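S.K.: After the sequence you'll find the predicted model.
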Amino acid sequence: MRRRHDAEENPMTAKTGEVWTAFATIANERDAQSLAEAMERMDPAPVGIGCFEIDEDDDLWEVGGYFDGRPNAVLLALLEAAFGSQPFVISNVPPEDWVSKVRRELRPVRAGRFVLHGGHDEGDAPPSAVRLRIEAAMAFGTGHHGTTRGCLTAMDRLAREGFVARRVLDLGTGTGALGMGAALLWKSRVIATDIDAVAVMTAHENGRANGTGLMMRTVEAGRATGGEVMRHAPYDLVFANILAAPLKRLAPQIARVTVSGSAVVLSGLLHRQAPGVERVFAGWGMHAVERIRLGEWTTLSLRRMQKGPLR
């Protein structure tokens, strides 16, 4: 997800003033990213911008922005014509403190030995539980989504089998929940990356709140073979809770930073997408040992069997 990094406030948390949205669909990732970048240059500019894949098979994307006043319809029409998107749908959103609303409605979540909760609700948990305090924020991964719970469940099961991870890579870290979980469970050294600066900042602050700040380093990066990531390779455990298409592209990179015996946990996969991703990773020596299905999502737990790529 793209956002203006200089935005001082989540647009959906404003308690006063107007909040407007403008969303359009467009084919292929390159044009979607270009449209999102063009929206950043609007005047008045949006206070937040999102760019999401909504249909992998048709490579269909949704691009939108949040505005603190009615957006310029003429400029949006020009962007539609320039990039070939569908017409923007402009809406006025009633002002509401969305973070406070989420805090009221989201209850603690259990995933194996992990318990995720907000500061407003410590909840009850046994002494053996690994507590993760995650506040409602602008980053993905509060634990209520089946993909995050699936990854935490996979990590818990690895630990119960005697697996120990000393070096962990958390790709697409969001709130940092997976990296923090590994740091607390094994005292691991964790590199947590995200392409979104807001997520990197959120993960960093959550790490400090959970006492993992010295063990978890947060990095803004989109590759598994960037300088900071490679300096700490190889990794015993890699998390990648993203989407099917980018996971397939990351397979050779993850192969480079793992060794025989490494564990790889993948999620962000609809059930129908999991077999295709599994086949790609098998081609790079990473084979499924468990498939966890929660709701409409599959989490794949893989083990690296070969010392190098198969191709």
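M.R.: Ah, there it is.
S.K.: which stretch of helix or strand covers residue 53?
M.R.: strand 48-55 (DSSP states H and E).
S.K.: If you count contacts, what does that strand end up packed against?
M.R.: For strand 48-55, the packing partners by 3 or more Cβ pairs under 8 Å, 6 or more residues apart in numbering; DSSP states H and E come out as helix 29-40, strand 60-67. Yep, even glycine has a C-beta here, placed from its N, CA and C like the rest.
S.K.: Save the ones you listed as TSV, and put in mean pLDDT, distance to residue 253 and mean neighbour count too.
M.R.: As requested, the helices and strands packed on strand 48-55 are exported to TSV (pLDDT from 0 to 100; distance: least, Cβ to Cβ, whole Å; neighbours: other Cβ atoms under 10 Å):
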stretch	mean pLDDT	distance to residue 253	mean neighbour count
helix 29-40	91	18	18
strand 60-67	91	23	22
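S.K.: Compare these and give me the one nearest residue 93.
M.R.: Distance to residue 93, taken as Cβ to Cβ, is lowest for strand 60-67 among the helices and strands packed on strand 48-55, at 8.0 Å.
S.K.: Can you give the strand pairings for the closest one, parallel or anti for each?
M.R.: strand 19-27 (antiparallel), strand 48-55 (antiparallel) (DSSP bridges).
S.K.: Need the mean per-residue confidence for the last one.
M.R.: Looking back up the chat, that one is strand 48-55. Averaging pLDDT along strand 48-55 gives 81.
S.K.: That strand to helix 29-40, inter-axis angle?
M.R.: Orientation check (axes from the mean of the first three to the mean of the last three Cα atoms, to 10 degrees): strand 48-55 against helix 29-40 gives 160 degrees.
S.K.: begin at 608 from here
M.R.: Fine by me, first position is 608 from now on; the one you just mentioned is strand 655-662.
S.K.: Pull out the buried residues from strand 655-662.
M.R.: Across strand 655-662, burial judged by 16 or more other Cβ atoms under 10 Å covers 655-658.
S.K.: just the strands in this structure please.
M.R.: Taking DSSP state E as the test, the strands found in the chain are 626-634, 655-662, 667-674, 696-700, 716-718, 721-724, 737-740, 774-778, 796-801, 823-827, 842-848, 865-877, 893-901, 904-911.
S.K.: least reliable of the ones you listed going by mean pLDDT?
M.R.: strand 716-718 (a mean of 77).
S.K.: Listing partners with orientation, what would you give for that one?
M.R.: strand 721-724 (antiparallel).
S.K.: what about the partner strand, distance to the chain center?
M.R.: Distance of strand 721-724 from the chain centroid (Cα atoms, centre = their mean, to the nearest Å) equals 17 Å.
S.K.: Residue ranges in the stretch 658-807 of the chain under the pLDDT threshold?
M.R.: Applying pLDDT under 70 to the stretch 658-807 of the chain flags residues 702-715, 726-733, 742-752.
S.K.: pLDDT score assigned to the residue nearest to residue 891 when sequence neighbours are not counted?
M.R.: The shortest distance from residue 891 to any non-neighbouring residue, by Cβ to Cβ, 6 or more residues apart in numbering, is to residue 862 (4.1 Å). Residue 862 is assigned a predicted lDDT (pLDDT) of 95.
S.K.: Tell me how far residue 862 lies from residue 657.
M.R.: Using Cβ to Cβ, to the nearest Å, one gets 31 Å for the distance from residue 862 to residue 657.
S.K.: next one: residue 738
M.R.: To residue 657, residue 738 is 31 Å away according to Cβ to Cβ.
S.K.: among the strands paired with strand 667-674, which is nearest residue 723?
M.R.: Within those, the stretch nearest residue 723 is strand 655-662; the backing value is 23.4 Å (Cβ to Cβ).
S.K.: Find out how far the closest one is from the centre of the chain, if you would.
M.R.: 13 Å.
S.K.: Can you give the domain ranges for the chain?
M.R.: Per the record, the chain has its domains at 618-703, 746-911, by automatic domain parsing.
S.K.: Nearest to residue 721 among those domains would be which one?
M.R.: Residue 721 lies closest to domain 746-911 among those, at 4.7 Å (Cβ to Cβ).
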